[in-house]
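Chemist: Using only what follows, build the 3D model:
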Amino acid sequence: QVRLVESGGGLVQAGGSLRLSCVASGRIFSSYGWFRQAPGKEREFVTAIAWRIGSTRYADSVKGRFTISRDTARNTVYLQMNSLKPEDTAVYYCAARTWSGASSSPQDYDYWGQGTQVTVSS
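Modeler: Below you'll find the predicted structure:
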């Protein structure tokens, strides 16, 4: 059974840091992405990574502050978030796709985690 389980969310003050983790079980995917959804807004792309070669892409809003990485031995993807802002507050979702390529489109992803809440206070 395929599962994606996120962890690491929480409450942090503006300027602080959090690290999210996404553990995949059941199979290895070609690419992983992080998306987020704030109340009343559509789900938006944050970052993605191609599993085999490690290539990445980022949304402009998080470039220079967020870093995606992977641990192939643990089948885990991480999202290091630094210099957090109140506008980063959202539920963060891990997603996986069977095709290669760090896509920014939610429609390209086949599996989704349950999400983890990140709240940044001002």
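
Chemist: Can you list the low-confidence ranges for this protein?
Modeler: The chain contains no residues with pLDDT under 70.

Chemist: center of it - which residue?
Modeler: What sits nearest the mean C-alpha location of the chain, by C-alpha atoms, centre = their mean, is residue 34, with 2.4 Å.

Chemist: State the helix or strand in which that residue lies.
Modeler: strand 31-37 (DSSP states H and E).

Chemist: just checking, what packs against that strand?
Modeler: Applying 3 or more C-beta pairs under 8 Å, 6 or more residues apart in numbering; DSSP states H and E, one finds that strand 31-37 contacts strand 18-25, strand 44-50, strand 66-71, strand 76-81, strand 90-97. For glycine as for every other residue, the C-beta is placed from the backbone atoms N, C-alpha and C.

Chemist: The last one packs against which elements?
Modeler: The one in question is strand 90-97. Helices and strands touching strand 90-97, by 3+ C-beta pairs under 8 Å, 6+ apart, are strand 3-7, strand 18-25, strand 31-37, strand 111-112, strand 116-121.

Chemist: Report how many residues lie close to residue 85.
Modeler: 14 (other C-beta atoms under 10 Å).

Chemist: mind starting the numbering at 571 from now?
Modeler: In the new count, where the first residue is 571, that last one comes out as residue 655.
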